[in-house]
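# Show me how the following folds:
(chains A, B, C and D)
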Number of protein chains: 4
Amino acid sequence: MQEIKAAVVGASGYTGEELFRLLTNHTMVKLVGAYDVRNVGKAVSDVHPNLRGIVDLKITKPDYEVISKVVDVVFAAVPHKVAMKFVPKILRGSARVIDLSADYRFDEVNVYERHYDKHESPEVRGVYGLPEIHRTEIKRARLVANPGCFPTAAILSLAPLIKEHFIDLDHIIIDSKTGTSGAGAAPTGVTHHPLAGANMRAYAATTHRHSPEIDQELSKLAGRKTKAHFTPHLVPIVRGILSTSHVFMKKRVSKETLLTLYRKFYAHEPFVRVVEGLPEINFVVGSNYCDIGLELDADGNRLVVVSAIDNLTKGASGQAVQNMNLMFGLDEREGLRAPAQRP
Amino acid sequence: MQEIKAAVVGASGYTGEELFRLLTNHTMVKLVGAYDVRNVGKAVSDVHPNLRGIVDLKITKPDYEVISKVVDVVFAAVPHKVAMKFVPKILRGSARVIDLSADYRFDEVNVYERHYDKHESPEVRGVYGLPEIHRTEIKRARLVANPGCFPTAAILSLAPLIKEHFIDLDHIIIDSKTGTSGAGAAPTGVTHHPLAGANMRAYAATTHRHSPEIDQELSKLAGRKTKAHFTPHLVPIVRGILSTSHVFMKKRVSKETLLTLYRKFYAHEPFVRVVEGLPEINFVVGSNYCDIGLELDADGNRLVVVSAIDNLTKGASGQAVQNMNLMFGLDEREGLRAPAQRP
Amino acid sequence: MQEIKAAVVGASGYTGEELFRLLTNHTMVKLVGAYDVRNVGKAVSDVHPNLRGIVDLKITKPDYEVISKVVDVVFAAVPHKVAMKFVPKILRGSARVIDLSADYRFDEVNVYERHYDKHESPEVRGVYGLPEIHRTEIKRARLVANPGCFPTAAILSLAPLIKEHFIDLDHIIIDSKTGTSGAGAAPTGVTHHPLAGANMRAYAATTHRHSPEIDQELSKLAGRKTKAHFTPHLVPIVRGILSTSHVFMKKRVSKETLLTLYRKFYAHEPFVRVVEGLPEINFVVGSNYCDIGLELDADGNRLVVVSAIDNLTKGASGQAVQNMNLMFGLDEREGLRAPAQRP
Amino acid sequence: MQEIKAAVVGASGYTGEELFRLLTNHTMVKLVGAYDVRNVGKAVSDVHPNLRGIVDLKITKPDYEVISKVVDVVFAAVPHKVAMKFVPKILRGSARVIDLSADYRFDEVNVYERHYDKHESPEVRGVYGLPEIHRTEIKRARLVANPGCFPTAAILSLAPLIKEHFIDLDHIIIDSKTGTSGAGAAPTGVTHHPLAGANMRAYAATTHRHSPEIDQELSKLAGRKTKAHFTPHLVPIVRGILSTSHVFMKKRVSKETLLTLYRKFYAHEPFVRVVEGLPEINFVVGSNYCDIGLELDADGNRLVVVSAIDNLTKGASGQAVQNMNLMFGLDEREGLRAPAQRP
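Next comes the predicted model:
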């Protein structure tokens, strides 16, 4: 099989770095371009010193017309609103695109516009890139909209329950905790170590932009409009999301029944592991796994489902590579076989 | 006014240490005894080197009959099941007792026995030592049962809502996050730094022993039996609890109405601060404050209430000193005026 | 005795915050002014939410002529080069000044100018505010130059050895490790949590500005020009400096002789504790203590002296309050009696 | 080429886990045995949940006679004194051994016995497994003694200087800082998160067992008996060693000359990177790299050399895999190509 020529737009950021980290270990990919408007002219390994001796590319200003012709796949590792400006240009050529921003995640443009910004290319449609739910569409997509980090953890932890109508849809609470790398590479007061290093906080407690994304996907699974209640928290670790869903059972079933449901639902998934107890961050950090565990209260009334992912891997760049593997007909696990580091 | 002679039973543990830290700055207290079955013969400041040059006591084995006669107040900074063995002995003398264990927190002994152990002195009754709810009874109590750390944060964040019947009592979710000092001074795999230092986990997700304590107090406030759904998490900070309550409104009110409710409810409380945004751990850590903030969703349906405390101060030893101040007719703030360290 | 009216210039920064934290617990001080060019018009407690309900001042733009007349002492909690612009104006009035910047720390202006900047008021002279070495001069000073954080830890750990000519002055290595709060309140890439949270680095390994300050004071103690070799490191804790001095003995003495030397040297010092083993950060953090311990190798050749301080307390604002106490004839410990928090 | 059959003795510990993590990504290795006296009967992935779905072995009690016949290489990931009991048995068969303990690191048994314990198989000799210094001997060794974590970082940072006689051998200071995973998997007070999580300490400041190991190797490089002065510190990160060497120049050379020296010395080394500035932990953590940087003071007198490694990878199991590659004639980088995670 032929090598896939891949380029990263947004080479300076954390998801860009994580793409380099993963793609250098991918046997079928040749990294051919590192693009950004920042750090132009610098070596990738000057910006990301962990890649010294490993990635031998310079960062250049993107010329999208050229890119669209010479690469097979472009990873858009950029903030929302930036992707929509260049993705249509790339799609005019032959390259496929995996967009890590929010720009093409929404089925309805007005949802995007209500929570983000005016959309500049509403006619271009992406496939929501959660392989466990949309594998078939991803395989034939030219544009995959890679999911947000919180939605990945939340949707995977709830999908079996909602698909099978086990729970009360009006009282779904998703209480998530993320490490600081989710905030991106730009220093701010919130991530300043003296204030963040021994701290915790909730933020955007009822208004986070990942809410409509979660709702879109849960609604499709439920077969009716559904609103989950999502609240994120910032905790002083660098990588990792722990997502705790609190839901109420519509019918009384045993924990064993629930575990069986999850195990069946994810039986053929290479990156979802249903665990016996409850998952922890260091089961998954650095890997592309989503670990899921659950606990049912003694009354069989409330169910707690906990999922753990690395926000930069399964929550971003790892999932993007998983999507690329699907789009190009490769083994889904290629480049993503490394286990988590623990300790 | 006369000096209060105070003794700590359980001098080696973290709540013992915190009592020493706070009581050395209390103008009306004389520390007269440091008791424990561990570290007997050692100086307190050998076990707790931060107290070197400050606390000049040796740890001795407790003789409860003697203690009960020579001190005015005993702080029982011991695990559950230990306190019940000696508290009755002390109460036979003239000393008053503030018990930091769970042994006397429950109105109904069978609730204690279901969640903890066989009770050995069920005839002895304590007052639940949450001053914001039970100040009057605390003032005249001989035995105060100091609340658990999670219940303190949870009850204070929900009391106004429940007292005023604002919320649906069947869908109360309390998702709490604690630092590791809550686990106590004995090293275990769960708190071993290599595994805990960059990790997060939920534990006892539906079965934590602080649940019945929360339910007891919320039920009294509600005027009917109430069951909240409580799930604790461990995060890699040393001190601090962030408690996030997710509740559903019975009636539609504005955020301003809710803030006014909280401000009135806590208007005369020296250690509860209702904040504009959402509280963070470093607003309170090292201090006796409980900071509370809230956010109402756009539909006016779900309310998120976040409270922050230091688990060793307002969640344990600080609250114990606050209770002592009430029991002895002192200014409630005495010894507890230090603000949090931030950064 | 009369209340001391104190003002803080630089109310928004971390040393400003720490001054408020300490001075609110000082029985003889009335905080009368919070000045800054940032955050003008805001409440101190909006900038520092830990002080809500405790410090009830608004931040105002400083008018130094007025300040110099209405306050007894001004704390200049500002960066170097800022202090030199206003300290002379304040000294024209009756107020005394404790400057936490580097501007008046050097006996020779050309040393300052080589390592910092052109000096604008070289004729104004301060007393180097390390009470353990310069107590007498501090007592009668109108301007105290509060020492840097690294020099405080380093000088105190070496003073007895150098004063008594025990060590080879040509091979003094000071390898220091600091928490991130020493970097100040402005977010940068170096203190961005995703990069700093699980990281360590050396910086300014041979060129740090605290070197000449250390050399000035060690030279005075040695009675001849001395150059120590100082290298700082950044570690992912918020507060605390651990300073490890590696020195070579000129004569063979026992560890016990060395401990006796230190104990005598610091016998009357309220804030220096000579410990049995080696000190740790959590023996001192949040307190004004400097803990010192040492270990001599089996050959009696190399000596390792370790000192621990809180960089914001004994390394900055706590020492400033200690200096104020001396300048105003108070008990040196006033406002500084709180032990460290441990855990 | 044929697959190498590998077994790990000491499957429950951290270096055991790290061996599994690395060997599962090694294209030429088949993991055939996971041995330990603890956790017998458990799945490796129950002890190390990050390996779930990846390593499908059960832990069994070792029968060394059998092992020695059926495997090609045994990794002894055990404490000192344990290895010496079984390594001779394995060497009686055909298997080769890489011992991660200290038991065979010393050329002179009496050095081992002075710092560790009575040796039980002094007649068995290993090759000191630092490939950058002893590659030729490692290639033909049947027993490789894998270096300690601190010695790896220290020796690599000083080897070029010592080999070329650039520095004063009487005043070599090595001040090292390690994460907590170096302490191993057994919980203790020192690594208990409440005490370790926001703390720093020096330990074994002049007596650490890695000192004689450093001295042995530096002496060989120097061509004469040399004693470096080594002091380790514990800092609150999980993985990583930063080693700061402070040395004094015998002759005056430029920084550029020194960098050229290092670059030449390590020109053909796949895992040593000489960096422009100073290396940081997150340049290397999770990878097998040792990054080295240096800074010369303005006088050309003192040189600071900083090296960074992951203590569990280049400092233990990664280096063990590198040694295995050499012993079996493979590309030295096989299984070790993953870059560090940053952030």
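
# For chain A, what lies in contact range of chain C?
Residues of chain A lying near chain C by CB under 8 Å from any CB of the partner chain: A:14, A:179-181, A:183, A:185, A:187-189, A:191-194, A:196-198, A:236-238. Every C-beta, even on glycine, is put in place using the N, C-alpha and C of the backbone.

# Could you pick out the buried ones from the residues you listed?
A:14, A:179-181, A:183, A:185, A:187, A:191-194, A:196-198, A:236-238 (16 or more other CB atoms under 10 Å in any protein chain shown).

# thinking again about what came up before, chain D next: which of the residues of chain A next to chain C are close?
When contact is defined as CB under 8 Å from any CB, those meet chain D at A:Y14, A:S181, A:A198, A:V238.

# so what are the domain limits for chain A?
A:4-125, A:150-311 (automatic domain parsing).

# okay, these, which one's buried deepest?
domain A:150-311 (a mean of 22; mean count of other CB atoms under 10 Å in any protein chain shown).

# circling back: which ones among the residues of chain A next to chain C lie within helices?
Here DSSP state H is the test, and those give A:Y14, A:H193, A:P194, A:A196 as lying in helices.

# residues contacting the closest residue to A:T15 other than its chain neighbours?
Among residues not flanking A:T15 along the chain, A:A77 sits closest, at 4.3 Å (CB to CB, 6 or more residues apart in numbering or on different chains). Contact analysis of A:A77 by CB atoms under 8 Å, 6 or more residues apart in numbering or on different chains lists A:V8, A:V9, A:G10, A:A11, A:G13, A:T15, A:G16, A:L19, A:L100, A:S317.

# what's the following helix or strand after the helix or strand A:E137 falls within?
If you go by DSSP states H and E, A:E137 is part of helix A:131-139. Per DSSP H and E, helix A:131-139 leads on to strand A:143-145 as the next helix or strand towards the C-terminus.

# Name the next helix or strand following that next one along the chain.
Downstream of strand A:143-145, the next assigned helix or strand under DSSP H and E is helix A:149-163.

# Taking helix A:131-139 as reference, get the angle to that next one.
100 degrees (axes from the mean of the first three to the mean of the last three CA atoms, to 10 degrees).

# where's the residue sitting furthest away from the middle of chain A relative to A:R252, distance?
Using CA atoms, centre = their mean, the residue of chain A lying farthest from its centre is A:D299. It sits 34.4 Å away. Noted for A:D299: a distance of 9 Å to A:R252, by CB to CB, to the nearest Å.

# For the helix or strand of chain A at the bottom of the mean pLDDT ranking, C-alpha coordinates in PDB please.
Lowest on mean pLDDT, DSSP states H and E among the helices and strands of chain A sits helix A:64-70, with a mean of 94. In PDB, the C-alpha atoms belonging to helix A:64-70 read as follows (Å, rounded to 0.1, in the frame of the first residue of the first chain):
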ATOM      1  CA  TYR A  64      -3.900  26.200   0.700                       C
ATOM      2  CA  GLU A  65      -4.100  25.800  -3.100                       C
ATOM      3  CA  VAL A  66      -0.800  24.100  -3.200                       C
ATOM      4  CA  ILE A  67      -1.500  22.000  -0.100                       C
ATOM      5  CA  SER A  68      -4.700  20.800  -1.600                       C
ATOM      6  CA  LYS A  69      -2.900  19.300  -4.500                       C
ATOM      7  CA  VAL A  70       0.200  17.800  -2.900                       C
END
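
# of all the domains of chain A, which lies closest to B:D331?
domain A:150-311 (30.3 Å; CB to CB).

# Now do the closest one: distance to the chain's middle.
With CA atoms, centre = their mean, to the nearest Å as the basis, domain A:150-311 stands 12 Å off its chain's centre.

# Could you tell me the end-to-end distance of that domain?
For domain A:150-311, the first and last residues are 8 Å from each other (CA to CA, to the nearest Å).

# Same check on stretch A:105-113?
First-to-last distance for stretch A:105-113 - CA to CA - comes to 12 Å.

# again with stretch A:50-69
30 Å.

# Tell me if it is near chain D.
Yes: with CB under 8 Å from any CB as the criterion, chain D is reached by stretch A:50-69 at A:N50, A:L51, A:R52, A:G53, A:I54, A:V55.

# Which parts of the stretch 1-150 of chain A are strands?
A:4-9, A:29-35, A:59-60, A:73-76, A:96-99, A:127-128, A:143-145 (DSSP state E, counting those that start in this stretch).

# Columns mean pLDDT and distance to chain B on top of the ones you listed, output as TSV?
Listed next are the strands of the stretch 1-150 of chain A as TSV, based on pLDDT from 0 to 100; distance: least, CB to the nearest CB, whole Å:
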stretch	mean pLDDT	distance to chain B
strand A:4-9	98	26
strand A:29-35	98	29
strand A:59-60	98	30
strand A:73-76	98	27
strand A:96-99	98	28
strand A:127-128	98	24
strand A:143-145	98	25
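
# and of those strands, who's closest to D:E120?
strand A:29-35 (51.2 Å).

# touching chain D at all, the closest one?
No: using CB under 8 Å from any CB, strand A:29-35 never reaches chain D; the gap is at least 12.6 Å.

# cool, stretch A:328-340 as well?
Yes: Stretch A:328-340 reaches chain D (CB under 8 Å from any CB) through A:R337, A:A338, A:P339, A:A340.

# pLDDT wise, what is the residue nearest to A:T15 at?
With respect to pLDDT, A:A77 scores 98.

# OK, contacts around the residue lying closest to A:I237 once chain neighbours are set aside?
Residue nearest to A:I237 in three dimensions, not counting chain neighbours: A:G179, with 4.1 Å by CB to CB, 6+ apart. With contact set as CB under 8 Å, 6+ apart, A:G179 has these partners: A:V235, A:P236, A:I237, A:V238, A:R239, A:G240, A:I241, A:I281, A:N311, C:P194.

# Select from those residues every entry located in strands.
Of these, the ones assigned to strands by DSSP state E are A:I241.

# Chain D: which of the contacts of A:G179 is nearest?
Comparing the contacts of A:G179 against chain D with CB to the nearest CB picks out C:P194 as the nearest, at 3.7 Å.

# Can you verify my assumption that the closest one contacts A:A183?
Yes: contact criterion CB atoms under 8 Å: C:P194 and A:A183 qualify, at 7.2 Å.

# Show me the common contact partners of these two, please.
A:T191.

# ok so, going back, now the residue farthest from the centre of chain A: how far from D:I241?
Distance from A:D299 to D:I241, by CB to CB: 51 Å.

# Likewise for A:L100?
For A:L100 relative to D:I241 (CB to CB), the value is 34 Å.
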